[in-house]
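how would this look folded up:
(chains A, B, C and D)
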2 protein chains.
Amino acid sequence: MTTVQGARARARIEITAAIKDEARRQLAAEGAAKLSLRAVARELGMVSSALYRYFPSRDDLLTALIIDAYDTVGAAAERAHAAAVRADPRDHLAHWVAVCRAVRAWAIAHPHEYALIYGSPVPGYTAPQDTVVPAARVALLLVATAREAYRDEGVALPPLPDDLAPEAERLAADLAPDLPPALAVALVFAWAQLFGLVSFEVFGQFNRVVEDRDAFFATAAERLGREAGITPRPRA
Amino acid sequence: MTTVQGARARARIEITAAIKDEARRQLAAEGAAKLSLRAVARELGMVSSALYRYFPSRDDLLTALIIDAYDTVGAAAERAHAAAVRADPRDHLAHWVAVCRAVRAWAIAHPHEYALIYGSPVPGYTAPQDTVVPAARVALLLVATAREAYRDEGVALPPLPDDLAPEAERLAADLAPDLPPALAVALVFAWAQLFGLVSFEVFGQFNRVVEDRDAFFATAAERLGREAGITPRPRA
DNA sequence: GGTTTGCGTGAGCACTGCTCTCGCTTGAGA
DNA sequence: TCTCAAGCGAGAGCAGTGCTCACGCAAACC
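As a prediction, this is how the structure comes out:
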């Protein structure tokens, strides 16, 4: 599908990628606050103003990094999910936990990129439309996992209070019309809570509180799965 | 207790407070990234270098704001808790929910201050020791609420997996020696998950997803309370 | 082959955090 | 009461930032 392009078009793609790579390096090293266009340009051997041919502003560079970050964490989660399905196609709780662990592992390995997407929004900055699809990737994977469990095993969930019923219908209609509203609500809860756990760990809130964070997270992820209606696989 | 102080000492206190106030104003208006010492000084009619007599660096100013933010959200939560106890001393789930709502309300009212304390750590920045006591204030309140419920009504919690048992003992010993380890773990879960929910709302992750956020959060807070072992009050 | 378009250059503007020296003022000790 | 160190504000200055703009060169299109 990629037609043979002129040298110029190809150079543009390569330079754009190089800028993002170098920016990612600085991001990983120093954090978003100290990411500087001039330093990126310097490191790439170009003059700072040249960089504006590729990204009209610092915020646009950050937005590109944000989209990439959403995509890589989404891809990592999807890989982990696929591997878990391969290992045991029927153990849906294991699939769920695998997704959670993948998100956590990626976050710990790339804390500054994680902060970029799940921390405080950086500048003035309202998330552009381009970010919403990649941002939904992990969420949709959680929904898909819960859906498979629901199809295979059904679900028993606590009833919803009346005043949440309209919201629950709306949520279900938006993100999973084939699932019961109570499950849609439980999934959104679990989704937010998963990132609450990961954020607390990555952002240091667990310092001097939780020591054995692997075991802690494993249990938490499993409980989240159960709250999302996924029953553990009965022992064979 | 406050001895009569010289005019100089008093001026120092007042100016320090004025700097923090103005900084908070700019923080609320533009966010931490755009908080500038020079702008604060300008607004206060002093020269920027004078400000360094009061805060040795921008990070120190931010740290002061962080401590204040932890304290105000903690105070708000404590007020809400006290009011709920006054309204019905036996309804522990209502006390819990009141604390959660107070945290959320404060976060929504002061999103940038919330981001400062529960978002991504801002600069290079490792949290100084001074912040850990105020930071624990909300957490300790949650523990206290759960403790009262536990004393009055006991608790039934899911069993912990074996590999989490040592961590659970440690947690219980550190933050509530009088509570069962499984409850200590459940409390840390609930604590992280509470701020996961609030962060997702404040940081815009719920945009285009959750509409009726009041009802959504109310249900979530109640479920968190139940997971933390607080049973609803039986109807009188 | 001529022209439009894309792109790197370098100067420059307004801003930032932070440092340093210079004086004035305050307040505690002799 | 006088003295002198300490506290404090002023101003200049350094190094760095995001971003803009006119300028030329080179590639791509007609």
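
CA atoms only for the helix or strand harbouring A:Leu171, dumped as PDB, please.
Element membership for A:Leu171, per DSSP states H and E: helix A:165-175. These are the backbone C-alpha positions of helix A:165-175, laid out as PDB (Å, rounded to 0.1, in the frame of the first residue of the first chain):
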ATOM      1  CA  ALA A 165     -29.700   2.800  36.200                       C
ATOM      2  CA  PRO A 166     -29.900   5.400  33.400                       C
ATOM      3  CA  GLU A 167     -26.200   5.900  33.500                       C
ATOM      4  CA  ALA A 168     -25.700   2.200  33.500                       C
ATOM      5  CA  GLU A 169     -27.900   1.800  30.400                       C
ATOM      6  CA  ARG A 170     -26.000   4.600  28.700                       C
ATOM      7  CA  LEU A 171     -22.600   3.100  29.500                       C
ATOM      8  CA  ALA A 172     -23.700  -0.300  28.300                       C
ATOM      9  CA  ALA A 173     -25.100   1.100  25.100                       C
ATOM     10  CA  ASP A 174     -21.900   3.000  24.400                       C
ATOM     11  CA  LEU A 175     -19.200   0.400  25.200                       C
END
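
ok, residues contacting it?
Applying Cβ atoms under 8 Å, 6 or more residues apart in numbering or on different chains, the set of residues contacting helix A:165-175 from outside is A:139-140, A:143, A:160, A:179-185, A:187-188, B:209-212, B:215-216. Quick note: C-beta positions are derived from backbone N, CA and C, even for glycine.

apply 6 Å and report the result again.
Helix A:165-175 has contacts (Cβ atoms under 6 Å, 6 or more residues apart in numbering or on different chains) with A:Val143, A:Leu160, A:Leu179, A:Pro181, A:Ala184, A:Val185, B:Asp212, B:Ala215, B:Phe216.

list the contacts for the last one?
This points to B:Phe216. By Cβ under 6 Å, 6+ apart, the neighbours of B:Phe216 are A:Glu167, B:Val210.

picking up where we left off before, reformat the contacts of helix A:165-175 as TSV; add secondary structure, distance to B:Glu227 and pLDDT.
Compiled in TSV, those are given as follows (DSSP: H, G, I helix; E, B strand; the rest coil; distance: Cβ to Cβ, whole Å; pLDDT from 0 to 100):
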residue	secondary structure	distance to B:Glu227	pLDDT
A:Val143	helix	22	97
A:Leu160	coil	16	94
A:Leu179	coil	22	94
A:Pro181	helix	21	95
A:Ala184	helix	19	96
A:Val185	helix	15	97
B:Asp212	coil	22	97
B:Ala215	helix	19	97
B:Phe216	helix	17	98
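
identify the farthest-apart pair in those.
A:Val143 and B:Ala215 (20.8 Å; Cβ to Cβ).

about what we covered before: top of the contacts of helix A:165-175 by neighbour count?
Neighbour count (other Cβ atoms under 10 Å in any protein chain shown) singles out A:Val185 as the most crowded of these, with 26 neighbours.

look up the closest residue to that residue, ignoring the ones flanking it.
Spatially, and ignoring its direct neighbours in sequence, A:Val185 is nearest to A:Ala168 (4.9 Å; Cβ to Cβ, 6 or more residues apart in numbering or on different chains).

now A:His95
A:Ala84 (4.6 Å).

so A:Val73, which of the three states?
helix (DSSP: H, G, I helix; E, B strand; the rest coil).

let me see the contact set for it.
A:Trp106.

what separation do you get for it and B:Arg86?
From A:Val73 across to B:Arg86, the span is 45 Å (Cβ to Cβ, to the nearest Å).

try A:Ala75
A:Ala75 sits 52 Å away from B:Arg86, taking Cβ to Cβ as the criterion.

before we move on, back to that, what helix or strand does the residue nearest to A:His95 sit in?
A:Ala84 belongs to helix A:58-87, assigned by DSSP H and E.

does any bit of that helix sit next to DNA strand D?
Yes - remark: helix A:58-87 sits within contact range of DNA strand D at A:Arg58, A:Asp59, by Cβ under 7 Å from any atom of the strand.

which other helices and strands does the following helix or strand past that helix contact?
Using DSSP H and E, the helix or strand that follows helix A:58-87 in sequence is helix A:92-109. In terms of contacts (3 or more Cβ pairs under 6 Å, 6 or more residues apart in numbering or on different chains; DSSP states H and E), helix A:92-109 is packed against helix A:58-87, helix A:132-153, helix A:181-202, helix A:213-227.

repeat the analysis, applying 10 Å as the threshold.
On a contact count with 3 or more Cβ pairs under 10 Å, 6 or more residues apart in numbering or on different chains; DSSP states H and E, helix A:92-109 meets helix A:58-87, helix A:111-118, helix A:132-153, helix A:181-202, helix A:213-227.

tabulate the ones you listed in a markdown table, adding columns for distance to B:His92.
Below are the helices and strands packed on helix A:92-109 laid out as a markdown table (distance: least, Cβ to Cβ, whole Å):
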| stretch | distance to B:His92 |
| --- | --- |
| helix A:58-87 | 37 |
| helix A:111-118 | 32 |
| helix A:132-153 | 31 |
| helix A:181-202 | 21 |
| helix A:213-227 | 21 |
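
closest to B:Arg38 out of those?
That would be helix A:58-87 among the helices and strands packed on helix A:92-109, by Cβ to Cβ, at 19.7 Å.

report the angle between the axes of that closest one and helix A:111-118?
Per axes from the mean of the first three to the mean of the last three Cα atoms, to 10 degrees, the angle that helix A:58-87 makes with helix A:111-118 is 100 degrees.

how is chain A divided into domains?
A:1-56, A:58-227 (automatic domain parsing).

out of the ones you listed, which one sits most buried?
domain A:58-227 (a mean of 19; mean count of other Cβ atoms under 10 Å in any protein chain shown).

close to DNA strand C, is that one?
No - between domain A:58-227 and DNA strand C, judged by Cβ under 7 Å from any atom of the strand, nothing touches; the nearest distance is 12.8 Å.

next, the distance between the ends of that domain.
End-to-end distance for domain A:58-227: 41 Å, by Cα to Cα, to the nearest Å.

how far is it from where the chain is centred?
Domain A:58-227 sits 7 Å away from the centroid of its parent chain (Cα atoms, centre = their mean, to the nearest Å).

and what of stretch A:52-59?
A distance of 25 Å separates the centroid of the chain from that of stretch A:52-59, by Cα atoms, centre = their mean.

wait, the residue nearest to A:His95 touches A:Ala94, no?
Yes - taking Cβ atoms under 10 Å as the definition, A:Ala84 is a contact partner of A:Ala94 at 5.4 Å.
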